[in-house]
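Enquirer: Structure here, sequence nowhere to be found:
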Ligand code: PRX
């Protein structure tokens, strides 16, 4: 009896859903030069696709080269075949996949589908005003991408140049990402909520040659002056030679000498742009994210491995099928937007939704009205939005037809039981699997999630559960040893490399090694803690470092401290995260003010709020400030944030081990001020 008959399974696991037409034809046949490389696809890869999930998982971790080689050969169109599957050494932070291969990501996301079904809708731009959505076919998106790529080229942008994209989701923003990919430029999308200083810092670090932006953004019925923010940022960025300005609203922008009117210039460019053949390991994009030290890090992702991982996870974790409408609500400024609004869905020929608005505009039924109107099949959102929506009651959900939904998914932060059950039973009427997906900017795609799994396998509420193919989670003990058995918890590491993982921190490879590979030699350290249940399933317990998660946005407390400490009245500060009902976590700042302060402390606090907003972003502004005389420190001068966390969590007298404190009397001082602060909050 064949495996598929025995199990009733026939998964198209490794091959992307095939479409007829010339896209089937690889530019050159795949050749494997390494002796350990697998035979060409179609032989054992089609056999593999029928294996039960556990067998396939076992194979993916015991023989990752065979697994990933087959997936890469089946799912991607190569210009030159790869010759070696991987060359990785985690201790040195050396991660290389599909060596010797050449391909173009934009060809895999566009041309392949244009060959097969040019009129299929690639993007549905769900604009801020409901009912004004714009559909863009694969043919149109390819034309737009080529015109934009030619525009970049005629302005001197070349392979390897960095281009910052500072705009919210829109077809042009997606085309800008793909245009960079077409010519081999490296994009760095900066979330359009970041301040001009934060934008400038990223542009400077990446030494971007150009910025792509729009005159204004529209969100929740409000206009946001993006161009003005870019103008302020580029003043301190001498590397920038051009600012391409698209026209989102009627308002004409004030154009300076760097500015290029994007649509106008694009309209005279040809709709054909030959794709640059790129090495598997050429840079695809940088994405800045927060770490536990002050400066955000430019996470480096490369071409083939990233695309393969985004596309295979998109198909299997969310059960995406041909013809589905995929609704990921994330902004393209975050990794979720990169992998599951743009690269994963487009590589799989999906119709992907670009959501420009907010979950509560013009009313708290917006998500579900959008699901009804666009007939969304997979709906992917952040727990913070769900928590907000559930406070508005079930009526807003029930009002709209959600029968198109097949998979629900959440990401970005731990989803609490209440939000999980509401999403599952009210939104999904208990008929849609709800997958809590755990991953990070650095992992490129989903690493732990309840799906894929055998049909009918139960999903445990609010648990990420199962490692994806090729992912081997390891929990570490006190002495850095891998914990065996179940019902154990500890720092979460991943044992072996996978194609989607980050390759470096831009311009600082040593920091890459130190952050991710030094803590547990031979392993990638995630920064998160996790628990392995009695049944061997994983539950993420949260960050173990000084990174917090505010409304699903990752923030380093050190970044906020750096901003606060710039105020002349603040000699030092310490920021921690405290729980918040809707946002998950919010920053709580303990600040020391100079003794000879002439201003009123409340004026200084107001200035501090402003400072964080202009240095980072509005969402980074601490929700709470506590002015203290001193901070708790060890004898070597290290701030004991653990104690501050306990104070803010109101754990009573139990502040844990305080024996290493330099001066224990500081605790009483802080507790007293905290009590006053609490009283004032309640009044
Ligand atoms: O702490 C984890 C949390 O978000 C962090 C990664 O943030 P970022 O790189 O911005 O990527 C977010 C979107 C992938 C992780 O280290 N996180 C992400 N997903 C989950 C999560 N925490 C708990 N459960 C999740 N499903």
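Expert: Ah, there it is. Fair warning: this is a prediction, and the values are worked out from it, not measured in the lab.
Enquirer: C-alpha from now on. contacts and neighbour counts both.
Expert: Will do.
Enquirer: what sits against residue 356?
Expert: Taking C-alpha atoms under 8 Å, 6 or more residues apart in numbering as the criterion, residue 356 is in contact with 125-128, 168-170, 218-219, 331.
Enquirer: mind checking how far it is from the ligand?
Expert: 18 Å (C-alpha to the nearest ligand atom, to the nearest Å).
Enquirer: which residue does the stretch 251-400 of the chain bring closest to the ligand?
Expert: residue 336 (5.3 Å; C-alpha to the nearest ligand atom).
Enquirer: what's the spacing between that residue and residue 184?
Expert: 22 Å (C-alpha to C-alpha, to the nearest Å).
Enquirer: With residue 624 instead?
Expert: From residue 624 to residue 184 the distance is 45 Å (C-alpha to C-alpha).
Enquirer: More neighbours: which of those two?
Expert: residue 184 (29 against 15; other C-alpha atoms under 10 Å).
Enquirer: circling back to that earlier point, report whether the residue of the stretch 251-400 of the chain closest to the ligand is found in a helix, as I expect.
Expert: Yes: the assignment for residue 336 by DSSP: H, G, I helix; E, B strand; the rest coil puts it in a helix.
Enquirer: Give the closest residue to it in space, chain neighbours not counted.
Expert: Of all residues not flanking residue 336 in the chain, residue 330 sits nearest, at 6.1 Å (C-alpha to C-alpha, 6 or more residues apart in numbering).
Enquirer: you'd agree the one you found is up against residue 352?
Expert: No: in this structure, residue 330 is not within contact of residue 352 by C-alpha atoms under 8 Å, at 11.5 Å.
Enquirer: quick one: common contacting residues for the two?
Expert: Here residue 330 and residue 352 have residue 341 as joint contacts, going by C-alpha under 8 Å, 6+ apart.
Enquirer: what about the two, which has more around it?
Expert: A side-by-side neighbour count of residue 330 and residue 352, using other C-alpha under 10 Å, places residue 352 first with 25 against 22.
Enquirer: Which residues are in contact with that one?
Expert: Shown in contact with residue 352 (C-alpha under 8 Å, 6+ apart): 122-124, 325-328, 341-342, 345-346.
Enquirer: Backbone dihedrals for it, please?
Expert: phi -110, psi 140 (degrees, to the nearest 10).
Enquirer: I figured residue 437 was touching residue 408, is that so?
Expert: No: proximity of residue 437 to residue 408 does not meet the contact threshold set by C-alpha under 8 Å, at 10.4 Å.
Enquirer: Compare those two (neighbour count), which wins?
Expert: The neighbour count for residue 437 versus residue 408, taken as other C-alpha under 10 Å, is higher for residue 437 (28 against 22).
Enquirer: Around the ligand, pick out the residues from the stretch 101-250 of the chain.
Expert: Within the stretch 101-250 of the chain, not a single residue sits near the ligand (C-alpha under 6 Å from any ligand atom).
Enquirer: Where do the helices of the stretch 101-250 of the chain begin and end?
Expert: Using DSSP state H, counting those that start in this stretch, the helices found in the stretch 101-250 of the chain span residues 105-106, 112-116, 138-154, 171-183, 196-206, 226-234.
Enquirer: out of the contacts of residue 356, which one sits closest to the ligand?
Expert: Of the contacts of residue 356, the one sitting nearest to the ligand (C-alpha to the nearest ligand atom) turns out to be residue 331, at 10.9 Å.
Enquirer: what does the stretch 551-683 of the chain put close to the ligand?
Expert: So the stretch 551-683 of the chain meets the ligand at 553-554 (C-alpha under 6 Å from any ligand atom).
Enquirer: And the strands in the stretch 551-683 of the chain?
Expert: Ranges of strands in the stretch 551-683 of the chain, per DSSP state E, counting those that start in this stretch, are 553-556, 572-580, 584-592, 624-628.
Enquirer: mean confidence for the last one?
Expert: By that I understand strand 624-628. Averaged over strand 624-628, pLDDT sits at 95.
Enquirer: What residues of stretch 240-258 count as buried?
Expert: Buried positions in stretch 240-258, judged by neighbour count with 16 or more other C-alpha atoms under 10 Å: 240-248, 253.
Enquirer: Least confident of these?
Expert: Among these, residue 253 carries the weakest pLDDT, at 91.
Enquirer: who's residue 95 bridged to?
Expert: residue 88 (DSSP bridges).
Enquirer: What is the burial count for it?
Expert: As a measure of burial, residue 95 has 19 neighbours, counting by other C-alpha under 10 Å.
Enquirer: wouldn't it be in contact with residue 281 here?
Expert: No: using C-alpha under 8 Å, residue 95 is not in contact with residue 281, being 9.2 Å away.
Enquirer: ranges for the strands of the stretch 151-300 of the chain?
Expert: 162-166, 186-189, 210-214, 217-219, 222-224, 242-246, 259-261, 278-279, 283-289, 297-302.
Enquirer: Outside of the next helix or strand after the last one itself, which residues are in contact with it?
Expert: Taking DSSP states H and E as the definition, the helix or strand that follows strand 297-302 towards the C-terminus is helix 304-317. By C-alpha under 8 Å, 6+ apart, the residues outside helix 304-317 that reach it are 13-14, 16, 71-72, 75-76, 97-98, 103, 105, 280-281, 320-321, 339-340, 343-345, 347-348, 435, 444-446, 449-452, 468, 499-501.
Enquirer: And for stretch 532-543?
Expert: Applying C-alpha under 8 Å, 6+ apart, the contact partners of stretch 532-543 are 413-414, 438, 448, 462-466, 486-489, 527-531.
Enquirer: Now that stretch: buried residues?
Expert: Using 16+ other C-alpha under 10 Å as the test for burial, stretch 532-543 gives 532-533, 537-543.
Enquirer: and it, what's its mean pLDDT?
Expert: pLDDT averaged over stretch 532-543 gives 96.
Enquirer: First residue to last residue on it, what's the distance there?
Expert: 16 Å.
Enquirer: for it, the distance to its chain's centre please.
Expert: Put simply, stretch 532-543 sits 21 Å off its chain's centre (C-alpha atoms, centre = their mean, to the nearest Å).
Enquirer: And for stretch 639-649?
Expert: Here the centre of mass of C-alpha atoms in stretch 639-649, compared against the chain's by C-alpha atoms, centre = their mean, lies 29 Å away.
Enquirer: try stretch 100-116
Expert: With C-alpha atoms, centre = their mean, you get 23 Å for stretch 100-116.
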